[in-house]
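[1] Build the 3D model from these lines:
(one chain, ligands or ions: 1)
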Amino acid sequence: METPHAEAPAQRGLPSGPVTAAIGLTVVAVALVFLFETNVFPSDWYALFKLVHVVGAVIWVGGGLTLTILAMRAERSSDPAEMATIARQAAFAGERVFAPVGLLVFLMGIAMVINLHWGWGTTWIVIGLVGYAITFLTGLLVLGPQAKRIGQLIETKGAEAAETQAAIQRILLLARIDMGVLLLVVADMVLKPFT
Ligand code: HEM
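    Here you go, the predicted model:
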């Protein structure tokens, strides 16, 4: 006769909150040491602005690209539930992560231009400003409202409804164009063309 298996005791993993906080503090502490030991920038302020600007850009562009890859995978699977999940996650990341981090990237860019007197008419800076304006307005006027509409469609008509799926496909495509603009701004910042 089979003896019933005793319930396995619940696994107690590492406490994620304190470990995450410790990793975060260590990264900040070591980055600050790098910051004060660098000799390639005109001032510590400029180095700080650039560090925050570039780390913000990495989070923003890297996060957006990851979502784009996951969205393409969901599209290929033709699974409405997966499409709805990625749309919800993209809406959350767009509103709670990319919008505030993007604003920080923009403000640090402004701070660097003022700090080092790059000049507002410099072509690569104008391209950066135009790129930011495009992505800011796309988020505010198109992606944000569309994401809210999709949330309502999922609740009222369901994730599988043709109207919901069409709206999700449209927003994912628009977000892809937005990523294209961001990648061009990165190329512009790194290569500083026409200077
Ligand atoms: C739209 C989003 C933006 C992204 C993703 C972005 C990304 C970057 C990246 C990756 C760098 C590092 C380039 C390198 O050192 O080779 C950089 C540098 C820089 N960015 Fe941006 N940037 C953005 C917007 C802006 C804006 C709007 C401004 C100006 C108002 C700006 C001003 C600068 C400046 C002054 C530098 C430092 C250049 C240097 O020290 O060589 N950025 N940016």
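[2] so where do the helices sit in this protein?
    Ranges of helices in the chain, per DSSP state H, are 16-37, 44-77, 80-93, 99-116, 123-138, 144-156, 162-191.
[3] residues in contact with the first one?
    In this case it means helix 16-37. Asp44, Ala47, Leu48, Leu51 (Cβ atoms under 8 Å, 6 or more residues apart in numbering). Every residue, glycine included, has its C-beta placed from N, CA and C.
[4] want to try CSV for the helices of the chain, with mean pLDDT and mean neighbour count as columns?
    Supplementary listing: these in CSV, determined by pLDDT from 0 to 100; neighbours: other Cβ atoms under 10 Å:
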stretch, mean pLDDT, mean neighbour count
helix 16-37, 96, 10
helix 44-77, 96, 16
helix 80-93, 94, 18
helix 99-116, 97, 17
helix 123-138, 98, 16
helix 144-156, 94, 15
helix 162-191, 96, 16
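[5] returning to what we had before: which two among the contacts of helix 16-37 are spaced furthest apart?
    Spanning the widest gap among those are Asp44 and Leu51, at 10.3 Å by Cβ to Cβ.
[6] In the protein, which residue sits nearest the ligand?
    As assessed by Cβ to the nearest ligand atom, the ligand sits closest to Gly109 within the chain, at 2.6 Å.
[7] Can you verify my assumption that that residue contacts Gly128?
    Yes - using Cβ atoms under 8 Å, Gly109 makes contact with Gly128 at a distance of 6.3 Å.
[8] before we move on, the earlier item: need the contacts of helix 16-37 in JSON lines (columns: distance to Glu75).
    Shown next, in JSON lines, are the contacts of helix 16-37 (distance: Cβ to Cβ, whole Å):
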{"residue": "Asp44", "distance to Glu75": "46"}
{"residue": "Ala47", "distance to Glu75": "42"}
{"residue": "Leu48", "distance to Glu75": "40"}
{"residue": "Leu51", "distance to Glu75": "36"}
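[9] Fine by me, thanks again.
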